Structures are given as C-alpha cells and as structure tokens.
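>>> below are the sequence and a predicted model for it; my questions follow.
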Number of protein chains: 2
Amino acid sequence: MANEHLQEAVNTLKNTKVRMTPQRHAILEYLYETMNHPTADDIYKALESKFPNMSVATVYNNLRVFKNVGIVKELTYGDSSSRFDCVTTDHYHIICSDCGKIVDFHYPGLDEVETLAEQVTGFQVHNHRMEIYGSCQDCKVAAH
Amino acid sequence: MANEHLQEAVNTLKNTKVRMTPQRHAILEYLYETMNHPTADDIYKALESKFPNMSVATVYNNLRVFKNVGIVKELTYGDSSSRFDCVTTDHYHIICSDCGKIVDFHYPGLDEVETLAEQVTGFQVHNHRMEIYGSCQDCKVAAH
DNA sequence: TTATTACATGATAATTCTTATAAATAATTC
DNA sequence: GAATTATTTATAAGAATTATCATGTAATAA
C-alpha cells in the first residue's frame, strides 16, 4: 500500500532526472512508511542507525528536492520546526494544541473559496492551506 | 476607527492584569494603526525613533503576551519570520507567492468544516486557520 | 506617601532551525 | 573505463527567537 506510493515517487524522481541515492531512497521510504509528518530532525534520527554518517544537510537538501518535484509538502507552524508530509491525496490536517499530534482529515477541496477570493482580490489563485486546531481525544481526557 | 479597537485591546489587557507600559502601548498602537501584518523586526524598526533603547526581546515578549491574551495572532510561513495580526473581525488572508504581500479576505467562517472535523476525528475543535496563495495583480502583470 | 513586591525592560548570550561552502565521493554519460 | 556532473559530508555561517539577569518601573500595601 505505502510501497505503491513510494514506487510512484521514485518514478517521478527518475522522470525529472533526479539521481537516486541510498540516502534519498531511505528518506522517501521513511516518509511513505510512517506517514507521520516528521520534522527534518525526526528523519535524521530515524535513519541514524542505517546511515551513521549521513549529514543533517542531506536531509534538508533532499526534502527540498522532493518539495520542488512536488512529492512532498512542507507544513510550518509557529513554535517549532517544519514538518514534512508526503503528498498522496488531497487532505487537510487537524492538530492537537496540547500535544502537537497531527491527524489527517479528508474534506472536499474548498474550491468555492478560491474562486471567490480570485473575484474579490484580483489575485490569480494557485492553492490554499487550511488547518484545524483543537484537543485530541487523549488530551481532552487528560484535562480532567 | 482603529482607535476603538486599540482601546478595546487596552481594556482587555487591563482586565487580565497585564501592566501597561509605554513600549507595550506603542507596539499595540503600531499594530492597530498600520493593520499591516508586520514581523517582529518591522515593529522594532518602526519604533526605533520613538524608543531608541527598546530591545528586540521586548517586542517578542510583548507579542507573546498579546498572543496569550488573545488580541494578536501569529501567522507563520515557511521561509521567513512570523507575522503578527491584530484580531479584530474574522477574516482570512490571501498571500502573493511572488512578492509576499498579504491581503485580508473576508469570508464567512468555515463552521461546517469544524463540526465535521470534530465528528470524524474526535477532537474538540478550538479554531482553524486558512490561507490562500496566488499571484497578486502587480505580479501577474510583471510576469509578462 | 513610602516601602515593598512583582513584573517589565534592555543588553547580551545562547539556542534552534536552516542554509551555504568546499572538498570528497558517487552516479551518469560517452 | 574516463570524464562530467550531481550528491554527500562536515563544518561554518546565518537568521529568528528565546533565556538570562541586572536594573528599572509600575502596582500594592502599609
């Protein structure tokens, strides 16, 4: 299941003439297997045992490459470091304000918002971003 | 007009027992008069002439205080520093991917998205964030 | 009003996240 | 397989933000 998407991503990279390296493959693999919205550091630490010599810069470099090709999205929140999400289908995120957990939330794209925004502001709209914040079930319980 | 909101904000601070200081007032005043989504550094520089001795830390500290009280929102984007927006009425932002301009965009709150998210994920939803990205009129033209 | 207390400021250092640089290495092309 | 080009690694540099702490200032109580 995850492997199919991974394979797709590898193919996309081949078509755009990005070289496949062991590090690159491992980062992709991690992203597609955990589906966990990790930070660059999460990835770095997770692959430490497999690639003891890998540099943090490599993680950042490759995440940027993946982003440019369009197979990975960067999510930025105020307080901490960026998180990275492999793009499979369109979905939004709901984030726990207490523990930081990120859960996928599927919802039809807000196309009508985009069209209205175009009309009102005169922008040419490319895309939008939405996140929902709240307390997850665990943290709701813990609050008592 | 802006002054009314400013006054409201000052009152809110009084009620929550946050002390009023000249620096604090100046930062608030700047936020409510420009309505410009400035960065911390923008504010720091704008008040340099009035408060030559003010520290950057003071700007950051107070923005955090305002955020905690709820009169200011922090907007974070991937590449650069946070921007701060005084909370007046509900509105969204449309951001130019080329020049970074931020324009307010009024749209009814997406309450139905919040309710659905609650049902699907079991979260207790507090709020959400949405931004629209595109090319502003100036940059659309410049692209030719 | 004065003394006391608690919070705010300012200067600077420290931290964190991310990017740049340059030499070494690995992958592709011919 | 040699030449070319991209990638990795290690490290330094950079930018944004936060921590520290001595000093100053506002609120509170006597």
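Here it is on my side, so go on.

>>> which parts of chain A sit against chain B?
Applying C-beta under 8 Å from any C-beta of the partner chain, one finds that chain A approaches chain B through A:74, A:76-78, A:82, A:94, A:96-97, A:103, A:105-107, A:110, A:113-114, A:116-118, A:120-137, A:140. For every residue, glycine as well, the C-beta is placed using N, CA and C.

>>> ok, which of those residues also contact DNA strand C?
Subset of the residues of chain A next to chain B in contact with DNA strand C: A:Ser82, counting by C-beta under 7 Å from any atom of the strand.

>>> which of the residues of chain A next to chain B count as buried?
Of all the residues of chain A next to chain B considered here, the ones buried according to neighbour count by 16 or more other C-beta atoms under 10 Å in any protein chain shown are A:77, A:82, A:94, A:96, A:103, A:105, A:107, A:110, A:113-114, A:116-117, A:121, A:123, A:125, A:128-136.

>>> in strands, which of the residues you listed fall?
Assigned to strands by DSSP state E, the following of those qualify: A:94, A:96, A:103, A:105, A:125, A:128-135.

>>> tell me the two of those residues that are most distant?
Pairwise distances among those were taken by C-beta to C-beta; the largest, 31.9 Å, belongs to A:Val125 and A:Ser135.

>>> is the spatially most central residue of chain A in a bridge, and if so with what?
Taking C-alpha atoms, centre = their mean as the criterion, A:Asp85 is the residue nearest the geometric centre of chain A, at 1.2 Å. A:Asp85 forms beta bridges with A:Lys73, as assigned by DSSP bridges.

>>> and for the one 10 residues further on?
For A:Ile95, the beta-bridge assignment (DSSP bridges) gives partners A:Ile102, A:Tyr133.

>>> surely it and A:Cys139 touch.
No - judged on C-beta atoms under 8 Å, A:Ile95 makes no contact with A:Cys139 at a distance of 11.3 Å.

>>> neighbour count: the two, which is higher?
Each of A:Ile95 and A:Cys139 had its neighbours counted (other C-beta atoms under 10 Å in any protein chain shown), and the higher figure belongs to A:Ile95 (23 against 17).

>>> wait, what's in contact with that one?
With contacts defined as C-beta atoms under 8 Å, 6 or more residues apart in numbering or on different chains, the neighbours of A:Ile95 are A:Tyr77, A:Lys101, A:Ile102, A:Val103, A:Glu131, A:Ile132, A:Tyr133, A:Gly134.

>>> gap between A:Val120 and DNA strand D?
As judged by C-beta to the nearest atom of the strand, to the nearest Å, A:Val120 and DNA strand D stand 29 Å apart.

>>> pretty sure that residue is touching B:Phe105, no?
Yes - with contacts defined as C-beta under 8 Å, A:Val120 counts as touching B:Phe105 at a distance of 6.5 Å.

>>> what's near enough to touch the closest residue to A:Tyr32 other than its chain neighbours?
Closest residue to A:Tyr32 apart from its sequence neighbours, by C-beta to C-beta, 6 or more residues apart in numbering or on different chains: A:Leu6 at 4.2 Å. Contact partners of A:Leu6, counting by C-beta under 8 Å, 6+ apart, are A:Leu28, A:Glu29, A:Tyr32, A:Glu33.

>>> if you set the cut-off to 10 Å instead, what comes out?
A:His25, A:Leu28, A:Glu29, A:Leu31, A:Tyr32, A:Glu33, A:Ile71, A:Cys86 (C-beta atoms under 10 Å, 6 or more residues apart in numbering or on different chains).

>>> backbone phi and psi for it, please?
phi -60, psi -50 (degrees, to the nearest 10).

>>> what about it, distance to B:Ile94?
35 Å (C-beta to C-beta, to the nearest Å).

>>> shared neighbours, A:Val120 and B:Phe105?
Counting by C-beta under 10 Å, 6+ apart, the residues touching both A:Val120 and B:Phe105 are B:Ile94.
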